[in-house]
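Asks: Pasting a predicted model and its sequence here:
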Amino acid sequence: MDGKRTKYKRKTKKSAKNSSRNRPHLSVLHLRLLAAGGIIACLGVLLLLSSGSAARRLLLMGLPAVYGAPYTNTAELPPISIRVEVDEGVSEKVRIEVLTPKQPQTLKLGGNEPRILIYHTHNTEAYKMSGTYKYEESKSYRTYDQSASVIAVGELLAKILSEKYGCNVLHDKSDHEPPKLSTSYTRSEITMKRYKEQYPSLVMFIDVHRDAGNGMYVDLGGKQVARLMFVVGTGEGATGTGFKEMPDYKSNYALALAITNRLASYHEELVRNVRVKTSRYNQHISSQCLLVEVGDHKNTLEQALNAVPYLAKAIVEVVQEEESQSQPALAPALRWAP
């Protein structure tokens, strides 16, 4: 009985040894790639199911594992901050592409020709009244009084870009809302094209709005400063058919994201994440189009105006060519009227 049991054990040990020789060998690299692939697949599904920033950050942290490289976060090499919220309806292709934005191009913003057009698709948007700024309402939180509406924000932005940073700026104050608010972008597109035809030198178009929200602000330099946010349109359309003339959303997004990150470097809460939506917002007119929400309807105009110097600074620091900063803008351009 003992002899047979010993023989059986030896046979089993030999069989196991032979069996192990016949198994495919998995190297450390293979195991790493398999594990990384599983991680990325899971995180990719999480990303596509959620437009939250947490999923995107996890995916970015997982990507280096595919190449066997560690995720680094050092002072010398700051991590890319993908501060973006993607709306429902945006395609999976775009959701993936926003994770790898390209660098915004540098632009000449000064000189003797207009470079920037500031305009307002919704020009009567106004803020919460304060002791300093009161106005007659045309509708709730809207007014034709340009000294108390979002137009005052655009005017200050034009002034700072021109006088402090030497940019050549046009500020259009046309009323694009009548006869129907929902078709305002049709009329502001006409305005943009008219300026572009008259001034081919224009390289940047900034549509200044105010958002709807809860009036949040940050304290900076002893002042209450309204928060900022950029909106980027993909042109895919609400039904998925897309516009006939599509925007260069990759370039517009790169610009918006770079300015957003620069603003966040001044104060983390000064700027909200870039919002990517399926609309177009006339961002097909140029590859350098910005739609910026300066505060919301529960902010005061003072808070919105306090945000403008930071916005102007971030725009210039991100895109302006170094040699153009010393070139003066044309003062009359700031008051150009159609």
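Replies: Alright, I've got the coordinates. Numbering: from 1, shown residues only.
Asks: so where's this protein uncertain?
Replies: Applying pLDDT under 70 to the chain flags residues 1-80, 321-338.
Asks: Send me stretch 261-275 as PDB with only the CA atoms.
Replies: Output of stretch 261-275 as PDB, limited to C-alpha atoms (Å, rounded to 0.1, in the frame of the first residue of the first chain):
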ATOM      1  CA  ASN A 261      -5.500  76.400 -17.400                       C
ATOM      2  CA  ARG A 262      -3.800  79.800 -17.300                       C
ATOM      3  CA  LEU A 263      -6.700  81.300 -15.400                       C
ATOM      4  CA  ALA A 264      -6.700  78.400 -13.000                       C
ATOM      5  CA  SER A 265      -3.000  79.100 -12.300                       C
ATOM      6  CA  TYR A 266      -4.100  82.500 -10.900                       C
ATOM      7  CA  HIS A 267      -6.700  80.900  -8.700                       C
ATOM      8  CA  GLU A 268      -8.100  77.400  -9.000                       C
ATOM      9  CA  GLU A 269     -11.700  78.500  -8.600                       C
ATOM     10  CA  LEU A 270     -11.500  81.500 -10.900                       C
ATOM     11  CA  VAL A 271     -12.500  79.400 -13.900                       C
ATOM     12  CA  ARG A 272     -14.900  76.600 -14.500                       C
ATOM     13  CA  ASN A 273     -14.200  73.700 -16.800                       C
ATOM     14  CA  VAL A 274     -14.500  74.200 -20.600                       C
ATOM     15  CA  ARG A 275     -17.900  73.100 -21.800                       C
END
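Asks: For the stretch 151-300 of the chain, just list every one of the helices.
Replies: All helices of the stretch 151-300 of the chain, identified by DSSP state H, counting those that start in this stretch, fall at 184-198, 249-266.
Asks: gap between the nearest residue in space to residue 285 that is not next to it in sequence and residue 97?
Replies: Spatial nearest neighbour of residue 285, excluding adjacent residues (CB to CB, 6 or more residues apart in numbering): residue 192 at 4.8 Å. Every residue, glycine included, has its C-beta placed from N, CA and C. Remark: distance between residue 192 and residue 97 (CB to CB, to the nearest Å) = 25 Å.
Asks: Counting neighbours, go ahead and name the busier of the two.
Replies: Remark: of residue 192 and residue 97, residue 192 carries more neighbours, 24 against 16, as counted by other CB atoms under 10 Å.
Asks: hang on, the earlier thing: the residue nearest to residue 285 reaches residue 121, doesn't it?
Replies: No: look at residue 192 against residue 121 with CB atoms under 8 Å: they stay out of range, at 9.6 Å.
Asks: check contacts around the closest residue to residue 208 other than its chain neighbours.
Replies: Nearest residue to residue 208, sequence neighbours excluded (CB to CB, 6+ apart): residue 154, at 4.4 Å. Residues in contact with residue 154, defined by CB atoms under 8 Å, 6 or more residues apart in numbering, are 118, 119, 120, 171, 173, 206, 208.
Asks: Which of those fall within strands?
Replies: When these are checked against strands (DSSP state E), the matches are 118, 119, 171, 206, 208.
Asks: what touches both of residue 192 and residue 121?
Replies: By CB under 8 Å, 6+ apart, residue 192 and residue 121 have these common neighbours: residue 282.
Asks: Mean neighbour count, the helices of the stretch 151-300 of the chain: which tops it?
Replies: Of all the helices of the stretch 151-300 of the chain, helix 249-266 has the most neighbours on average by mean count of other CB atoms under 10 Å, namely a mean of 22.
Asks: Against which helices or strands is that helix packed?
Replies: For helix 249-266, the packing partners by 3 or more CB pairs under 8 Å, 6 or more residues apart in numbering; DSSP states H and E come out as strand 228-233, strand 274-277, strand 289-296, helix 301-319.
Asks: Domain map for this structure?
Replies: What automatic domain parsing lists as the domains of the chain is 28-78, 116-335.
Asks: Residue 233 and residue 278 touch, don't they?
Replies: Yes: taking contacts as CB under 8 Å, residue 233 lies within contact range of residue 278: 7.2 Å.
Asks: Which one's more surrounded, the two?
Replies: Taking other CB under 10 Å, residue 233 and residue 278 do not tie; residue 233 has more neighbours (25 against 21).
Asks: What's the PyMOL line that selects buried ones from the contacts of residue 154?
Replies: PyMOL command restricting the contacts of residue 154 to the buried ones, with burial defined by 16 or more other CB atoms under 10 Å:
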select buried, resi 118+119+120+171+206+208
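Asks: Residue 108: which of the contacts of residue 154 is nearest?
Replies: Nearest to residue 108 among the contacts of residue 154, counting by CB to CB, is residue 206 at 16.1 Å.
Asks: so that closest one bridges to which residues?
Replies: Counting by DSSP bridges, residue 206 is bridged to residue 118, residue 290.
Asks: where's it relative to residue 192, distance?
Replies: Plainly put, residue 206 is 11 Å away from residue 192 if you go by CB to CB.
Asks: who touches both of these two?
Replies: In contact with both residue 206 and residue 192: 117, 119, using CB under 8 Å, 6+ apart.
Asks: can you count the residues close to residue 130?
Replies: Look at residue 130: counted by other CB under 10 Å, it has 13 neighbours.
Asks: give me phi/psi at it?
Replies: Note on residue 130: its backbone torsions stand at phi -140, psi -180 [degrees, to the nearest 10].
Asks: for it, what are its contacts?
Replies: Going by CB under 8 Å, 6+ apart, residue 130 touches 300, 301, 302.
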